[in-house]
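Asker: Whatever this is, show me its structure:
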Amino acid sequence: MTDSATASTWPAPRDFEAPELFINRELSLLEFNERVLAQALDESVPLLERLKFLCISSTNLDEFFEVRVAGLKQKAELLDTPSEADNRTPSDVLRAISQRAHTLVDKQYETLNDRIIPALEAQNIRFLRRAEWNAEQRAWLSEYFEEELLPVISPIGLDPAHPFPRILNKSLNFIVALDGTDAFGRKIEHAVVQAPRALPRIIQLPQAETGSGPHDFVFLSSIIHEHVGDLFPSMRAKGCYQFRVTRNSDLYVDEEEVDDLLRAVEGELPGRRYGDCVRLEVAHNCPEALCDYLLARFLLTRDDLYQVNGPVNVNRLLSLQGTVDRPDLKYPAFNPRLPSALAPSGDLFAEIRSRDVLLHHPFDSFLPVIDFVRRASSDPKVLAIKQTLYRTGPDSAVVDALVEAARAGKEVTVVVELRARFDEADNIELANRLQAAGAHIVYGVVGYKTHAKMTLIVRREADGLHNYVHLGTGNYHPKTARLYTDYGLLSSDPDLGNDVHEIFLQLTSLGKVNDLARILDAPFRLHEAILAKIRREAEAAAAGREAWIVAKMNSLVEPQVIRALYAASCAGVQIDLIVRGICCLRPGVEGVSDNIRVRSIVGRFLEHTRVFHFAGDGRPELYLASADWMDRNFFRRVETCFPVMSRPLYDRVERELALYLADNSNAWLLGRDGRYRPAEPVGDEPELSVQKRLMEGPG
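Answerer: As a prediction, this is how the structure comes out:
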């Protein structure tokens, strides 16, 4: 919709309850995936990175259906009434999602077929269709089918004795139309072939044996299509069509009714693979009758059907990143900076004792964070280590250090969040490993996810015990620390140390809520504190004093905060929001959000920092946080929002925020219609990419 088309529908000024003032969160999330997909179309991005962005947009869409669409379907079945600020019913949102998602999927496959694959072929990276196989390739692939596929594949002819099989979430399958009778004289019309999960979805052809190029590939689906007749020797395969089902993958564990949360989550994980169906993807040439047959089997409607011209699992193409050794088609190698004062040979604790240290990953190395825990594990002066783990990966140097600390006899307490979505299995494994080493393991607080990123080290020194802390906006995950932007603060400030100690006591001993000196914590203080700071800006602006807000986050959803921002805008507060993903606030509405600007940065690294900067009525404040401005972060999670108190560090973050606001290369500007347009240099303005600039040095 356009501004002119919707002008008559805008609410009167200060009517901040009006549904039209709120962008639907699900449609906003689809808009984010559009921005990710746009990177795949950007010819200034290296080719294999463009393919990666296409795969990421596909993976994001999978999760969107597994969680968001699945939840909406459940709501629509139970009570189809509005529950969000935009006042849409779940059924209304599902219809809008279907329309927008179908358009997005069509665009994904157009990008793959018309842009990415031809560009790869120009670089001698080819996906060979069956009609393109030469005799040697055909012979090699026939042998591959006989030796690798046939021994493990189990085609299932569908009849009363062979019911439709259970289809694994997001697995590759084929529906086969048959003619004739089998060895027992049975007439079977349909069969299902499930691709073996152990085999790769893309097979590289050997050069010497097949006369292939250095990077010639064949889809596993093409091999199965070619040889499907061999699976039904006495019958004729009239057609063979890929399909994939997406299922509800959200775990539900009633924490009030279980005695052992780890065992409960562990028990629920296998069921995730067979949750309720929410989407069916089929080959674009699958006959209507077979589509209807599959939809009926999975209890889905035509709105849930996605017919695609290409592999139904686009995200499997991501394996080319590791298979094809072409540095010229990837981003140039980047080595994060390591401040000399934090080098492994230095005295890390002395450095932190002398001043606060700020790290901006991935521009700054994550090694000092690992080293912080590693040195503590072997330091005889360290008595205790406490840490939260949300996502850290199955092979984590941080966990290795905690294990060594526990084995060394130190008091190690780890709050492991078992319900970190899609990382539950890894977290169960690391919890068991830590417990076996002698660490104290707790799983947070019933009803609340522990999303705070914090480490506390208690060290005995000449003048007594001292607390050293690390507080971050992102996870203790060395791999994502090279891919996501996040801030981390190392400090020995006594107030920060005491605050972190108090939060750990709340998590482990279920103690009372104590006042904190520096940290704004959720679910207790953060929401009201943010509202109070926004109101203070509004009051200053109304009195004619300087007032502004710059806030950077991943998602902006919570209605009370959005209404407070609208009120502040009406009072004259200048507000700049840098929101990577979901944004339910509608900027640029006359009389409501004239003074609010929203931008999103999508580039080489996933923007993940949360930074909140307020004019403070003459006393500016700058906070870093683990929390976005969402209902769940304010009310259903344990979060930390902590101040940057060192003047040099404050100045650095302020300069870096200014760079984000000046980006005209990877920035997208949100219009009041809920759609984004790319930012571009104005006049003679030079092109600026904030991520490229920060790779060169701190802000």
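Asker: Who are the packing partners of whichever helix in the chain runs longest?
Answerer: For the chain, the helix with the greatest residue count under DSSP state H is helix 90-110. With contacts taken as 3 or more Cβ pairs under 8 Å, 6 or more residues apart in numbering; DSSP states H and E, helix 90-110 sits against helix 25-41, helix 47-63, helix 70-78, strand 305-308. C-beta here means a position set from N, CA and C on the backbone, and glycine is covered the same way.
Asker: just so I know, which of those lies nearest R482?
Answerer: With Cβ to Cβ, the closest approach to R482 among these belongs to helix 47-63: 14.0 Å.
Asker: Alpha carbons of stretch 564-577, in PDB - could you do that?
Answerer: Extracted C-alpha coordinates of stretch 564-577, given in PDB (Å, rounded to 0.1, in the frame of the first residue of the first chain):
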ATOM      1  CA  ALA A 564       5.700   5.900  24.700                       C
ATOM      2  CA  LEU A 565       7.900   6.600  21.600                       C
ATOM      3  CA  TYR A 566       4.900   8.000  19.800                       C
ATOM      4  CA  ALA A 567       4.200  10.300  22.700                       C
ATOM      5  CA  ALA A 568       7.800  11.400  22.800                       C
ATOM      6  CA  SER A 569       7.700  12.100  19.100                       C
ATOM      7  CA  CYS A 570       4.700  14.300  19.500                       C
ATOM      8  CA  ALA A 571       6.500  16.200  22.300                       C
ATOM      9  CA  GLY A 572       9.300  16.900  19.800                       C
ATOM     10  CA  VAL A 573      11.900  14.200  20.800                       C
ATOM     11  CA  GLN A 574      14.100  13.300  17.800                       C
ATOM     12  CA  ILE A 575      14.200   9.500  17.700                       C
ATOM     13  CA  ASP A 576      16.500   7.300  15.500                       C
ATOM     14  CA  LEU A 577      15.800   3.600  15.700                       C
END
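Asker: export the helices and strands packed on helix 90-110 to JSON lines and tack on distance to A568, mean neighbour count and mean pLDDT?
Answerer: Shown next, in JSON lines, are the helices and strands packed on helix 90-110 (distance: least, Cβ to Cβ, whole Å; neighbours: other Cβ atoms under 10 Å; pLDDT from 0 to 100):
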{"stretch": "helix 25-41", "distance to A568": "21", "mean neighbour count": "20", "mean pLDDT": "97"}
{"stretch": "helix 47-63", "distance to A568": "32", "mean neighbour count": "21", "mean pLDDT": "96"}
{"stretch": "helix 70-78", "distance to A568": "32", "mean neighbour count": "16", "mean pLDDT": "90"}
{"stretch": "strand 305-308", "distance to A568": "42", "mean neighbour count": "21", "mean pLDDT": "97"}
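Asker: Which residue comes closest to I534 once chain neighbours are left out?
Answerer: A564 (4.3 Å; Cβ to Cβ, 6 or more residues apart in numbering).
Asker: pLDDT averaged over the helix or strand harbouring the one you found - what is it?
Answerer: In this structure, A564 sits in helix 559-571 according to DSSP states H and E. In this model, helix 559-571 has a mean pLDDT of 96.
Asker: what separates that helix from the chain centre, distance-wise?
Answerer: Taking the mean of its C-alpha atoms, helix 559-571 sits 28 Å from the chain's own mean (Cα atoms, centre = their mean, to the nearest Å).
Asker: Begin at 219 from now on, thanks
Answerer: Yep, numbering from 219; the last one is helix 777-789 now.
Asker: which outside residues touch that helix?
Answerer: Here helix 777-789 makes contact (Cβ atoms under 8 Å, 6 or more residues apart in numbering) with 231-232, 234-235, 239-240, 303, 745, 748-749, 752-753, 755-757, 759-760, 765, 767, 774, 793, 795, 802-803, 809-814, 847.
Asker: quick one: L701 and P580 touch, right?
Answerer: Yes. Contact criterion Cβ atoms under 8 Å: L701 and P580 qualify, at 6.8 Å.
Asker: Beyond the longest helix of the chain, next helix or strand please.
Answerer: helix 335-340.
Asker: which is the next helix or strand following that following helix?
Answerer: Downstream of helix 335-340, the next assigned helix or strand under DSSP H and E is strand 343-345.
Asker: moving C-terminal of that following strand, what's the next helix or strand?
Answerer: Past strand 343-345, the next helix or strand by DSSP H and E is helix 353-362.
Asker: residues near T428, how many?
Answerer: Residues contacting T428 under the criterion other Cβ atoms under 10 Å number 20.
Asker: Please tell me I have it right and it contacts E361.
Answerer: No. Contact criterion Cβ under 8 Å: T428 and E361 do not qualify, at 10.6 Å.
Asker: related to what we said a few turns ago, looking at the helices and strands packed on helix 308-328, which is closest to S818?
Answerer: When the helices and strands packed on helix 308-328 are compared (using Cβ to Cβ), the closest one is helix 243-259, at 6.3 Å.
Asker: So which residues lie in contact with that closest one, not counting its own?
Answerer: Applying Cβ under 8 Å, 6+ apart, the contact partners of helix 243-259 are 263, 267-269, 271-272, 274-275, 278-279, 282, 286-287, 290, 302, 311, 314-315, 318-319, 322, 325-326, 329, 333-334, 775, 798-802, 818, 820-821, 886, 892-894, 896.
Asker: Please tell me how far A236 sits from R243.
Answerer: Computed with Cβ to Cβ, to the nearest Å, the distance linking A236 and R243 is 17 Å.
Asker: Write the PyMOL selection for whichever of the contacts of helix 777-789 are buried.
Answerer: Buried residues among those (16 or more other Cβ atoms under 10 Å), as a PyMOL selection:
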select buried, resi 234+239+240+303+745+748+749+752+755+756+759+765+767+774+793+795+802+803+810+811+813+814+847
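Asker: Which ones among the contacts of helix 777-789 map onto helices?
Answerer: Using DSSP H, the contacts of helix 777-789 in helices are 745, 748-749, 752-753, 755-757, 759-760.
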